[in-house]
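In: Got a predicted structure here, sequence first:
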Amino acid sequence: MPQHDVLVIGAGLAGQRAALAAADEGVSVGILSKIHPVRSHSNAAQGGINAALNPEDSWESHAFDTVKGSDYLGDQDAIEIMCREAPQEILDLEHLGVTFHRNEEGRLGTRAFGGASAARTYYVADITGQALLHVLYEQLMKRAEVYRYEEWFTTALVQDGDGRIAGCVARNLRDGSMELFGAKSVILACGGNGQLYQPTTNALVCTGDGIAMAYRVGAPLMDMEMVQYHPTTLAGLGLLITEGARGEGAHLYNAEGERFMEKYAPNKMELASRDVVSRAEQTEIDEGRGFEDGTVALDITVVPRKRIHEALREIVNVGRDFANVDITKEPIHIKPGNHYAMGGVKTDTDGRTSVPGLYAAGEVACVSVHGGNRLGANSLLDTLIFGRRSGAHAAKRSRSMGAPKAAESQLEDERRLILDVVARERTGRRVAELKRELGQTMDRHVAVFREEAGLTEALEVVRRLKEEAATVATDDKGTVFNQDVLGVVELGFMLDNAEAIVLSALERRESRGAQYRTDHPERDDEDWLKHINVSRNGAEPEVSYSEVTLTQWQPEERKY
Amino acid sequence: MPDYALKIRRYDPESGEAAYWQDFEVDLAPERSVLDGILKVREDEDASIGIRCSCRAAICGSCGVKINGQSKLACNTRISDAAKRAQNGAIVVEPMGNMPVLKDLIVDMDAVHWKKVQRIVPWLLPEGDPPEREYVVDAEAMIDVTQAVACIDCGACVSACLSMEVDPEFIGPRALAKAYRFVGDPRDAHTKERLEDLAEDPHGIYDCTHCFACIEVCPKDVAPMNQIMRLRRHATADHEIKDRNNGYGHEKAFTDIVEKYGTLHEAQLLPRSYGQGSLVRSQTDPSSLKQLAESLPTVLNGLRSGKVSPLKVLRHPKLPDQDQVRRIYHAIESKDERLELNLYIVGEGADEPEPDEEAER
């Protein structure tokens, strides 16, 4: 049985940062991920990472923008920590080798981003996430003492008799063997759940595994109703066009040629918060001022050509390869699309969940720094700051304790579950059909605009799919890279996520951030300035509330 | 929607059977990708087809495969384009080359790709403690290495590399492009050591045969071969590293001969290469004499095939307008800095007139 002081599950930015921070404390660290670390979805963060590093900027300004962006649902103590620690994090990464864009003096240069009162987004062309991820992986390759378990799929967390985390069970994709991993602390860093939605900007691996696994061992999920729709995604495929495009000056037009953001956000225009821009676009489309394919237009041709090639090169490729559009010459059709989970496993500012020894960081977690709506270029920051804090805290905790005892029987249980799925005869629909129905249901009823009837219908679909998922079968009966059986396990994770999202969206009878209820269109601070938590009580989800931490910013009307 | 025929290479290591081809038909809009086609087959028909994939947007680098024999990302190859190039009507999809196949379209990248990346010391090696703030470096230098940073480790170049097919030990295009990422980075303090290491390694920068295959297949315009050539130019012109593989000598011999004659004087190439470019040195230096003696079989082959003859050895005609060649040499050498092509700096078609910014606003 592999045994580590700290075991990190997921190897995107949060996971790798956590592993490196734990290793800095001199403890034994293992990092597991279902895909090779450099394949992680952190790659997809194109635009950049926020920090008030410029002497004329201040962390308070960054924090206020984040609080306002969150529609006052973000916890201000956590936001303060993130914004205070951001500048040093950027410098540390720069020292490790990230090739951040430089200004003419050779110092770090910035670009503008949505919802921000200053240009404080640091970037590498439009491949910032990829550039960061590869540099952290270089450090992991350098630090041979960190054990990497690449292409290992975690199926369950394991607790000891006292409910403390004791490790996890994972399957080696290469040969199908199942292993019990012992650990004093486990850090979940396995990303979000965008695959609940079709279409989505998210990668196929973003199936909410960590959120579901934490929920199953009793950790509460928080802010799950807050699902971000990104304003600029390609119709159909859902691929992302970076907010950096608008940061560089691109405009939005409806089919009548109006620059419609003038009506919705006269000051910030295209650079208002994402929820505001997405709602504006959806309103234009719903009221018949969109194009026939249900889109509006993003015009990047106003950005100088040389600048596009230097700073938005990836978007040139995406336009060319996936939409047949040369963005340097003509506008590209876009619409709001599923992009990010603000909610996740409830943690404190050191990444601790309510389960002893279990931590979470990055999109899987909800600290909550994003509240009702995440600002662009704050997600990379979230992964790094809370990844590092979790890693360091988990390592220190692990040093002063013995290893909790994980029962071998849990390995046997998981092994049997997988064998049962593989052995099953097909009696109903295929896994892909269930995923499609889930995705379309979520995109129809739990999207930019929501109301009770639609949400109730979505909940019924999710619960019906749960029953159906219990009997799905696989085509692949083998052990080597049986991706089919993983899809079945992932479907189970996805449905737990979906249930929590829909329940929370039904519960919150107001409009705030990404949650816009057409039947409750106002923000209601008196009744709803609080987090909604979902935790498992027996087999059933149970809703409860927790306080929003306010430090120096009282809720105000939100205008851009 | 049109029907597309897919011919997929299947391999199940547990069956004890050899790999085989399986045919599928998919209905798909023409602008969708080959990956979408494979995923549709998986969703509707046979979920046991093994392929790594995740982002669907040519960012994660998972879905490197060969399509109609060419190494590509399945996700950014349009299915209609692939169908146009298909022979016998079916789009042929098979695992990448130069790496062992684990199952269906999944190859063992650890055994080849990542091992080679690890070989080049793939992390920044700055000198001393970092500054309090950021390293102050030239903006262009950062953009310059960004072309190599744009690599997503998909393995297409490794799969297509002809040198690696002949010499599996060749460090290869991906890893060497990554090496340039550090050599070109002003923050790295071990430039010369890195270059010496890669020049002296018999499977290093001089093992590339300049075939352009990696440039052709790279989905991110990293142009690995260009990065290898830049490593060579740094090694030779900037650091004068006279390696035991005669890379320095060979390059110098080549350019000197062309400067002198305008065309390649084949008979002088070997001796000059062994003599670090010099014909005299090649006939006086013991080590180059030894290498010349060892090259006798090659020389004899050349004589036998008529490629070299005693007459050709003694007399190699200059081009009638050799002065023009010299002028090109002079124009290049008189520049203060070497001009390196880099997509991030130059930009495709950036020579087209830019819209008047002021007028636009």
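Out: In hand now; what should we look at? Residues are numbered from 1 along each chain as shown, chains lettered A, B, ... in the order given.

In: Do the one helix or strand B:V117 maps to and chain A come into contact?
Out: Per DSSP states H and E: B:V117 is located in helix B:115-119. Yes - using Cβ under 8 Å from any Cβ of the partner chain, we find that helix B:115-119 touches chain A at B:117-118. C-beta: built from backbone N, CA, C; applies to glycine.

In: Helices of the stretch 1-150 of chain B, start to end?
Out: B:34-44, B:79-85, B:115-119, B:139-149 (DSSP state H, counting those that start in this stretch).

In: Just the C-alphas of the third one, formatted as CSV.
Out: Going back to what we said before, that points to helix B:115-119. In CSV, the C-alpha atoms belonging to helix B:115-119 read as follows (Å, rounded to 0.1, in the frame of the first residue of the first chain):
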residue,chain,number,x,y,z
LYS,B,115,11.9,10.5,-21.0
LYS,B,116,13.4,12.8,-23.6
VAL,B,117,12.0,15.9,-22.0
GLN,B,118,13.5,14.9,-18.7
ARG,B,119,16.9,14.5,-20.5
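
In: what's the closest of the helices of the stretch 1-150 of chain B to A:R415?
Out: helix B:34-44 (24.9 Å; Cβ to Cβ).

In: what sits up against the closest one?
Out: Identification of contacts with helix B:34-44 by Cβ atoms under 8 Å, 6 or more residues apart in numbering or on different chains yields A:430, A:432-433, A:436, B:4, B:6, B:8, B:24, B:26-28, B:49, B:51, B:53, B:56, B:63, B:65, B:67, B:72-75, B:77-79, B:82, B:91, B:93, B:105.

In: for stretch A:408-425, same thing?
Out: A:155-156, A:158, A:169, A:171, A:178-180, A:471-474, A:476-477, A:482, A:485, A:488-489.

In: Adding mean pLDDT and distance to B:P224, write the helices of the stretch 1-150 of chain B out as TSV.
Out: Formatted as TSV, those follow (pLDDT from 0 to 100; distance: least, Cβ to Cβ, whole Å):
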stretch	mean pLDDT	distance to B:P224
helix B:34-44	97	23
helix B:79-85	96	23
helix B:115-119	98	12
helix B:139-149	91	8
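
In: Including distance to A:R111 and mean neighbour count, could the ones you listed go into TSV?
Out: Listed next are the helices of the stretch 1-150 of chain B as TSV, based on distance: least, Cβ to Cβ, whole Å; neighbours: other Cβ atoms under 10 Å in any protein chain shown:
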stretch	distance to A:R111	mean neighbour count
helix B:34-44	31	22
helix B:79-85	34	18
helix B:115-119	30	19
helix B:139-149	14	22
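
In: Now that we have those helices, can you turn them into TSV and tack on distance to A:A280?
Out: TSV is the format used below for the helices of the stretch 1-150 of chain B (distance: least, Cβ to Cβ, whole Å):
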stretch	distance to A:A280
helix B:34-44	31
helix B:79-85	35
helix B:115-119	45
helix B:139-149	34
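
In: So for A:Y123, which of these sits nearest?
Out: Smallest distance to A:Y123 across the helices of the stretch 1-150 of chain B (Cβ to Cβ): 10.7 Å, for helix B:139-149.

In: list the helices and strands the closest one packs on?
Out: helix A:128-142, helix B:172-183, helix B:343-346 (3 or more Cβ pairs under 8 Å, 6 or more residues apart in numbering or on different chains; DSSP states H and E).

In: Please pick the buried ones from the contacts of stretch A:408-425.
Out: Using 16 or more other Cβ atoms under 10 Å in any protein chain shown as the burial test, the contacts of stretch A:408-425 include A:155-156, A:158, A:169, A:171, A:178-180, A:472-474, A:476, A:482, A:485, A:488-489 as buried.

In: wait, B:D285 sits on B:G275?
Out: Yes - if you go by Cβ atoms under 8 Å, B:D285 and B:G275 touch, sitting 6.2 Å apart.

In: between those two, which one's more packed in?
Out: Using other Cβ atoms under 10 Å in any protein chain shown as the criterion, B:D285 and B:G275 rank with B:G275 on top: 25 against 16.

In: For that one, grab phi and psi.
Out: When read as degrees, to the nearest 10, the backbone of B:G275 gives phi -100, psi 30.

In: quick one: contacts for it?
Out: B:G275 touches B:249, B:253, B:281-283, B:285, B:288, counting by Cβ under 8 Å, 6+ apart.

In: so of the contacts of helix B:34-44, which ones are in strands?
Out: B:4, B:6, B:8, B:24, B:26-27, B:65, B:67, B:72-73, B:91, B:93 (DSSP state E).

In: Which of the helices and strands packed on helix B:139-149 sits closest to A:N202?
Out: Closest of the helices and strands packed on helix B:139-149 to A:N202 is helix A:128-142, at 12.8 Å (criterion: Cβ to Cβ).

In: before we move on, the earlier item: okay, the helices and strands packed on helix B:139-149, which one's buried deepest?
Out: helix B:172-183 (a mean of 27; mean count of other Cβ atoms under 10 Å in any protein chain shown).

In: just the CA coordinates of it, formatted as CSV?
Out: Output in CSV follows, covering the C-alpha atoms of helix B:172-183 (Å, rounded to 0.1, in the frame of the first residue of the first chain):
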residue,chain,number,x,y,z
GLY,B,172,14.2,14.7,-30.7
PRO,B,173,12.2,17.8,-31.7
ARG,B,174,10.0,18.3,-28.7
ALA,B,175,12.7,18.1,-26.0
LEU,B,176,15.1,20.2,-28.1
ALA,B,177,12.5,22.9,-28.6
LYS,B,178,12.1,22.9,-24.9
ALA,B,179,15.9,23.2,-24.5
TYR,B,180,15.7,26.3,-26.7
ARG,B,181,13.0,27.7,-24.3
PHE,B,182,15.7,27.8,-21.6
VAL,B,183,18.7,28.7,-23.8
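
In: Whichever residue of the stretch 1-150 of chain A sits closest to chain B: neighbour count?
Out: Using Cβ to the nearest Cβ, the single residue of the stretch 1-150 of chain A nearest to chain B is A:G97, 3.4 Å away. Neighbour count of A:G97, defined by other Cβ under 10 Å: 25.

In: mind listing what the closest residue in space to it that isn't next to it in sequence touches?
Out: Excluding the flanking residues, the one nearest A:G97 by Cβ to Cβ, 6 or more residues apart in numbering or on different chains is B:L124, at 3.4 Å. Counting by Cβ under 8 Å, 6+ apart, B:L124 touches A:96-97, A:135, A:138, B:182, B:185, B:187-188.

In: returning to what we had before: what's the helix holding B:V117 in contact with?
Out: Identification of contacts with helix B:115-119 by Cβ under 8 Å, 6+ apart yields A:141, B:153, B:158, B:171-172, B:174-175, B:178.

In: try it again with 10 Å
Out: Helix B:115-119 has contacts (Cβ atoms under 10 Å, 6 or more residues apart in numbering or on different chains) with A:38, A:137-138, A:141-142, A:144, B:108-110, B:122, B:151, B:153, B:158, B:164, B:169-179, B:197-198, B:201, B:203-204.
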